[in-house]
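Q: sequence first, then the predicted structure:
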Amino acid sequence: MNSQELFEQIKIKKSFLCVGLDTDKNKIPAHLLDAEDPIYEFNKAIVDATHDLCVAYKPNLAFYESEGIEGLKSLERTVKYIRSNYPEIFLIADAKRGDIGNTSKMYAKAFFENMDFDSVTVAPYMGADSVTPFLSYENKWVILLALTSNKGAFDFQFMEENGTRLFEKVLETSKEWGTPENMMYVVGATKAESLTDIRKIIPNSFLLVPGVGAQGGSLSEVAKYGLNDTCGLLVNSSRGIIYAGSDEDFALFARGEALKVQTEMSSLLEEKGIA
Ligand SMILES: O=C(O)c1cc(=O)[nH]c(=O)n1[C@@H]1O[C@H](COP(=O)(O)O)[C@@H](O)[C@H]1O
């Protein structure tokens with residue numbers, strides 16, 4: 001999916017919501033545990049209940065890898081289900097990968113060929129040759145960690161050299177590796193005050209913004225400082241949506257939470273004259 005198609009979906013659905021499928025077997029409703037593949041059944045119900053309210057889904061690989069081979073099979077089933085039933089959805093593999101070029105090439109194969117994701121999150125610590133192997137795929141995206149939502153962001157990401165903070169250096173350097181058509185960036189919703197400075201460096205790039213909902217980030221603050229003329233944001237919420245309910249009607253509760261976020265997004269887009 002290219003940025004124009006993604007923007008079309010945002011306008012059609014009046015939403016820039018990404019639902020995180022961080023599916024933890026210890027948190028899913030008990031009645032699902034008897035199913036052959038509880039994680040897949042949970043994901044399928046969440047997707048069926050929210051697909052018209054969001055433009056993207058973001059399974060975090062940790063929740064699938066922690067279940068071993070069976071977890072990866074659940075992930076594969078989930079991706080196949082979304083691809084065949086909701087082909088307009090943008091799929092993010094939240095894997096935070098990055099290694100020497102020869103290895104990153106295999107990570108790219110795993111997520112772009114084996115499992116047909118649109119994008120994969122990548123950590124920039126190992127530099128250009130750990131990222132560029134992902135950029136050789138047509139219509140596939142790197143989503144590079146830049147300013148993260150966690151408290152640990154303050155350990156390194158704000159370190160300054162000649163007035164430039166490290167996260168700014170990552171943006172300035174990495175934007176030369178690709179284009180706004182194949183590189184997005186992660187900016188945490190809890191760092192919304194930095195979005196003005198970030199937009200000065202990457203005005204046209206899409207940002208994946210986690211940290212709304214369970215982490216307490218503000219959607220309105222993110223929109224105020226981060227929206228651009230083609231929206232430019234995919235705001236993620238995982239736990240706040242998928243675990244809104246805990247009984248047989250969990251999917252209904254998830255839909256309710258997703259609708260709340262989408263309704264706010266619709267008015268933010270309208271206020272900005274975008275959709
Ligand atoms: O790469 C990410 O998606 C990510 C980056 C970041 O800075 N902060 C962050 O929370 N995430 C992920 O976004 C999701 C947030 O989950 P919730 O806090 O439940 O909405 C998790 O899968 C995190 O791993």
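A: On my side now, so go ahead.
Q: so in the chain, which helix runs the longest?
A: Counting residues, the longest helix found in the chain (DSSP state H) is helix 250-271.
Q: in CSV, list the C-alpha atoms belonging to that one.
A: Once non-C-alpha atoms are left out, helix 250-271 reads as follows in CSV (Å, rounded to 0.1, in the frame of the first residue of the first chain):
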residue,chain,number,x,y,z
PHE,A,250,-15.4,-8.5,24.6
ALA,A,251,-15.5,-7.6,20.9
LEU,A,252,-18.4,-5.3,21.4
PHE,A,253,-16.5,-3.4,24.1
ALA,A,254,-13.5,-3.2,21.8
ARG,A,255,-15.7,-1.7,19.2
GLY,A,256,-17.0,0.8,21.7
GLU,A,257,-13.5,2.0,22.6
ALA,A,258,-12.5,2.1,18.9
LEU,A,259,-15.6,4.1,18.1
LYS,A,260,-14.7,6.6,20.8
VAL,A,261,-11.2,7.2,19.3
GLN,A,262,-12.5,7.2,15.7
THR,A,263,-15.2,9.8,16.6
GLU,A,264,-12.5,12.1,18.1
MET,A,265,-10.3,11.5,15.1
SER,A,266,-13.1,12.3,12.7
SER,A,267,-13.6,15.7,14.3
LEU,A,268,-9.9,16.4,14.4
LEU,A,269,-9.6,15.7,10.7
GLU,A,270,-12.6,17.9,10.0
GLU,A,271,-11.2,20.8,12.1
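Q: buried residues in it, which are they?
A: 250-251, 253-255, 257-262, 264-266, 268-269 (16 or more other C-beta atoms under 10 Å). Backbone N, C-alpha and C define where each C-beta goes, glycine included.
Q: OK, contacts around residue 239?
A: Counting by C-beta atoms under 8 Å, 6 or more residues apart in numbering, residue 239 touches 20, 22, 213-214.
Q: try residue 258
A: Contacts of residue 258 were listed using C-beta under 8 Å, 6+ apart, and they are 17, 19, 49-50, 53-54, 241.
Q: max pairwise distance over those: which two?
A: 17 and 49 (13.1 Å; C-beta to C-beta).
Q: so these two - more neighbours on which side?
A: residue 17 (26 against 23; other C-beta atoms under 10 Å).
Q: residues near the nearest residue to residue 148 once chain neighbours are set aside, how many?
A: Leaving out its chain neighbours, the residue that sits closest to residue 148 by C-beta to C-beta, 6 or more residues apart in numbering is residue 188, at 5.2 Å. By the criterion of other C-beta under 10 Å, residue 188 has 25 neighbours.
Q: my read: residue 188 touches residue 146, true?
A: No: the pair residue 188 and residue 146 fails to qualify as a contact (C-beta atoms under 8 Å) at a distance of 9.2 Å.
Q: tell me the contacts of the one residue in the stretch 51-200 of the chain that gets nearest to the ligand?
A: Nearest residue of the stretch 51-200 of the chain to the ligand, counting by C-beta to the nearest ligand atom: residue 148, 3.1 Å away. Contacts for residue 148 were tallied using C-beta under 8 Å, 6+ apart; they are 157, 186, 188, 191.
Q: so which pair among those residues is furthest apart in space?
A: The span of the contacts of residue 148, defined through C-beta to C-beta, is set by 157 and 186 at 11.0 Å.
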